[in-house]
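*Asks:* Compute the structure for the input listed below.
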Amino acid sequence: MPIRIPSDLPAQDILQRENIFAMDDKRAAEQDIRPLEVGILNLMPNKIETEVQLLRLLSNTPLQINVDLIRIDSQVSRNTPEQHMQSFYHQFDDVAHKRYDGLIVTGAPLAHLDYQDVKYWDRMTRVMDWAKRHVQSTLFLCWAAHAAMFHYFGLQRTLRQDKLCGVYSHDVLQPTNELVRGFDPVFFAPHSRFGEIDSADYEAIDGLHVLAKSPQAGAYAIASDDKRMVFVTGHPEYDEDTLQQEFLRDQEAGLEPRIPDNYFLNDDPSNVLMIQWRSHGNLLFTNWLNYFVYQTTPYNLDDLRA
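*Replies:* Okay, here's the model as predicted:
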């Protein structure tokens, strides 16, 4: 699938080297179709790394997509050049008038803060309320999934003493649901979080269903009956070395992190990495785009129902 991104976005060169079809504005203007409009609210510290991860996964179907990168505060990032933010990101207020076929809200390293103590929580709740009126389907990842459950349904997470970190096996619970169509009965996915919500608490909410869960990591993929909301508690977008880099970063900070589970061969950080989630990650995003976005969104986005 061609994804439409600015020609000088750093992700463009990376994706081209990987033989992923991303086109610039000039070529996109020549396509006589109505592209999907997808926003990415990127809350992760390293914006560029997360952009590449998500754009890579959005590029795996025949659909054309226009992508807007969105921010909700003006604070200078410690991990991303401000020039990059100024050049490629839209302030939420500047796109709040738009309607989107799909929206992705990333995780954020905010596990030990109460939601109300997050400095941009008021803006975050505004985005989540806006999404119900302006977006056909929203995909919440990791911290954002728990934050959305709290905001929409009042469901509070609990915090683990030790960070859940590693690659875990998951069982598909509802194989006929389109989000997990084509999944093997057991698949692997990375997690990196402290927060958790019990599967029974999700299922107790009318209209929500747990589609996949892990014996070790708990509920993984949860979706609403109307396909407007998807909650994924892990990180299907992670690169092969992302967990390794997190582990090394925490080591250097003196945090004495646990070795990520099922990630290094024989759980030895000096050994090779065991990459077991890429096919599932691609299929998850492809299914979301096809069945939850493209197949359900109105041709005229002004007809989007609240």
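*Asks:* thought residue 251 was touching residue 260?
*Replies:* No - with contact defined as C-beta atoms under 8 Å, residue 251 does not reach residue 260; the gap is 11.7 Å. The way it works is simple: take the backbone N, C-alpha and C, and place the C-beta from them, glycine included.
*Asks:* Those two: who's more crowded?
*Replies:* residue 260 (22 against 12; other C-beta atoms under 10 Å).
*Asks:* Next, give phi and psi for the more buried one.
*Replies:* phi -60, psi 140 (degrees, to the nearest 10).
*Asks:* before we move on, what about residue 198?
*Replies:* Dihedral angles (degrees, to the nearest 10) for residue 198: phi -70, psi 140.
*Asks:* Quick check: it touching residue 222?
*Replies:* No - at 11.7 Å, residue 198 does not count as touching residue 222 under the criterion of C-beta under 8 Å.
*Asks:* what's the distance between residue 132 and residue 79?
*Replies:* 31 Å (C-beta to C-beta, to the nearest Å).
*Asks:* swap that for residue 187, please
*Replies:* 30 Å.
*Asks:* who has more neighbours, the two?
*Replies:* Taking other C-beta under 10 Å, residue 187 and residue 79 do not tie; residue 187 has more neighbours (23 against 10).
*Asks:* any residues touching the longest helix along the chain, and which ones?
*Replies:* Of all the segments of type helix in the chain, defined by DSSP state H, the longest one is helix 121-134. Identification of contacts with helix 121-134 by C-beta atoms under 8 Å, 6 or more residues apart in numbering yields 41, 72-73, 92, 96, 98-100, 103, 105, 115, 118, 138, 147-148, 151-152, 228, 304, 306.
*Asks:* I'd like the next helix or strand past that helix.
*Replies:* Downstream of helix 121-134, the next assigned helix or strand under DSSP states H and E is strand 135-141.
*Asks:* That following strand vs helix 121-134, what angle?
*Replies:* 140 degrees (axes from the mean of the first three to the mean of the last three C-alpha atoms, to 10 degrees).
*Asks:* Contacts for strand 135-141, please.
*Replies:* Contacts for strand 135-141 (C-beta under 8 Å, 6+ apart): 39, 99-107, 131, 147-148, 227-232, 234-235, 237, 288, 292-293, 296-298, 304.
*Asks:* again, only using 7 Å
*Replies:* By C-beta atoms under 7 Å, 6 or more residues apart in numbering, the surrounding residues in contact with strand 135-141 are 100-107, 131, 148, 227-232, 235, 288, 292-293, 296-297, 304.
*Asks:* Before I go, just wanted to say thanks for your time.
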